[in-house]
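A.B. asks: my questions are about this predicted structure, shown below with the sequence.
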Amino acid sequence: MLPWKRVLRPLAAVLLAAAVTAVPAATAQADTAPSRGWNNYSCKPSASHPRPVVLVHGTLGNSVDNWLALAPYLVNRGYCVYSLDYGQLPGVPLFHGLGPIDKSAGQLQVFVDKVLAATGAAETDLVGHSQGGMMPRYYLKFLGGAAKVNALVGIAPDNHGTTLNGLTKLLPYFPGAEDLLSASTPGLADQVAGSAFLTKLNAGGDTVPGVRYTVIATKYDEVVTPYGSQFLSGTGVRNVLVQSLCAADFSGHVAIGLLDRVAYREVANALDPAHATATTCASVFD
């Protein structure tokens, strides 16, 4: 499990107050996620929320810890929500998102097909944090995902890469992960700006037709820098900086994905733009 105290430090007092009340409830739901929370394969999408939501964790994350707050937030709003583990290296327990990203995209492809078959939906919406906001673009562009995905919402995604130094700043949040630097971690190498993977991914444009894209970034991101490199260009794109909505939001790279309810309000707006509501600092109390 993630060390939450490290995550909480960067938040402003108003965000901290909201997060402290939100996390225990989220944890309780996560304990029953297979049957009553998310990853409930008997869930059927409603007319108001006709598409299941697939959550895609970030580098070193997993299908539970990354979503202890956001998954219940969406379930409580009537969505069928699912999350997967991907990118685990042989012999490396606990940590995910370290394998070759094109292979991880293949795992996402299989998982989306499983969710669509279970729910009977024709399309899904994807919400990813960090690598999880960037990796699905490979699925959309090269693995036929555009026909099965309505929207991709990236929270602090490294769409155009970052430096290796930026990626190593994730390590203090994951005790024991630093030892992985001595091992082969293609998932890290693929995320370095200028890598062959990113060159292929971004060649010919950032987006594919038929998919709506939303990027939610924080100017205090210490991992994916500069934060503007997260933004996408193309049709059907909305780029959001949380500080333009709430100047008191001091979330960094990890906190924006794990417990930033200002960002979560923008996720909800992206999933249901017809009923979007204004996002402000007060959104932490939604």
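C.D. replies: Ah, there it is. Residues are numbered from 1 along each chain as shown.
A.B. asks: can you read off the pLDDT for the closest residue to residue 185 other than its chain neighbours?
C.D. replies: In this structure, residue 185 finds its nearest non-sequential neighbour in residue 98, 4.8 Å apart by Cβ to Cβ, 6 or more residues apart in numbering. Bear in mind the C-beta positions are built from the backbone N, C-alpha and C, glycine included. Looking at residue 98, its pLDDT is 93.
A.B. asks: in the stretch 51-200 of the chain, which segments are predicted with low confidence?
C.D. replies: Along the stretch 51-200 of the chain, segments meeting pLDDT under 70 span 168, 177-183.
A.B. asks: show me where it has its helices.
C.D. replies: All helices of the stretch 51-200 of the chain, identified by DSSP state H, counting those that start in this stretch, fall at 70-75, 101-119, 131-134, 136-142, 164-168, 186-189, 196-202.
A.B. asks: packing partners of the helix or strand where residue 215 lies?
C.D. replies: Residue 215 is located in strand 212-217, with elements delineated by DSSP states H and E. When contacts are defined as 3 or more Cβ pairs under 8 Å, 6 or more residues apart in numbering; DSSP states H and E, strand 212-217 packs onto strand 149-155, strand 237-241, helix 261-271.
A.B. asks: from memory residue 173 sits against residue 255, does it?
C.D. replies: No - the pair residue 173 / residue 255 is not scored as a contact, 9.9 Å apart, by Cβ atoms under 8 Å.
A.B. asks: between those two, which one's more packed in?
C.D. replies: Set residue 173 next to residue 255 and count neighbours by other Cβ atoms under 10 Å: residue 255 wins out with 27 against 19.
A.B. asks: mind checking how far the stretch of helix or strand the more buried one belongs to is from the chain centre?
C.D. replies: Here residue 255, judged by DSSP H and E, is contained in helix 253-258. Relative to its chain's centre, helix 253-258 lies at 9 Å (Cα atoms, centre = their mean, to the nearest Å).
A.B. asks: for it, list the C-alpha coordinates in CSV.
C.D. replies: Presented in CSV, the C-alpha positions along helix 253-258 are these (Å, rounded to 0.1, in the frame of the first residue of the first chain):
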residue,chain,number,x,y,z
HIS,A,253,2.3,14.2,-9.5
VAL,A,254,1.2,11.5,-7.1
ALA,A,255,-1.4,13.4,-5.1
ILE,A,256,-3.3,14.6,-8.1
GLY,A,257,-4.1,11.0,-9.0
LEU,A,258,-4.6,9.6,-5.6
